[in-house]
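In: Show me the folded form of this:
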Amino acid sequence: MTHSDAHLGNALWKDGRLTALLDFEWVRLGPPDLEIEPYLRSDATGLSDIERREVLGWLAETYPAMFAVPHLVRRLWLCQLATAVRELFLLGSGHRPEAALDHLRRVVESPDQLERILPSGVV
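Out: Residues are numbered from 1 along each chain as shown. Next comes the predicted model:
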């Protein structure tokens with residue numbers, strides 16, 4: 001089962017540890033690594049690369065199955081590509097086309113940014 005609406009607003013933290021998830025109306029069957037993708041986007045989280053790496057470290061410690069999939073970086077890169085392409089189709093809902101294209105270009109270039117953001121030991 002995946003939460004399918006993972007973001008910082010749906011997580012409760014205590015003493016630096018994830019204690020609970022909220023807002024379960026999008027729960028469905030799926031691979032656990034799909035939950036990581038929203039935390040990779042600075043536009044969705046408002047966090048710096050260092051802060052996102054810290055949050056992902058907390059998630060890896062709390063929910064190791066999320067990170068224990070084969071070819072994690074490639075899988076997350078594919079998720080990022082899908083999200084970036086989807087953004088292009090949402091242009092009518094207030095998105096800026098140039099921002100969506102810039103995001104897609106950055107993702108297409110390389111999955112290297114993922115290795116900088118993901119916590120040590122999971123890639």
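In: From Leu101, how far off is Leu21?
Out: 33 Å (C-beta to C-beta, to the nearest Å). Glycine gets a C-beta too; all of them are placed from N, C-alpha and C.
In: How about Val69, nearest residue that isn't a chain neighbour?
Out: Asp33 (4.8 Å; C-beta to C-beta, 6 or more residues apart in numbering).
In: how much space between the most centrally placed residue in the chain and Ala65?
Out: In the chain, the residue lying closest to the centroid (C-alpha atoms, centre = their mean) is Glu37, at 2.1 Å. Going from Glu37 to Ala65 by C-beta to C-beta gives 16 Å.
In: ditto for Phe24
Out: From Phe24 to Ala65 the distance is 18 Å (C-beta to C-beta).
In: Can you name the next helix or strand after the helix or strand of the chain with the lowest mean pLDDT?
Out: Least confident helix or strand, the chain: helix 42-45 with a mean of 66, by mean pLDDT, DSSP states H and E. Using DSSP states H and E, the next helix or strand after helix 42-45 towards the C-terminus is helix 49-62.
In: Now tell me what touches that next one from outside.
Out: For helix 49-62, the surrounding residues in contact (C-beta atoms under 8 Å, 6 or more residues apart in numbering) are 8, 13, 16-18, 35-36, 39-40, 42, 45, 47, 66-67, 116-119, 121-122.
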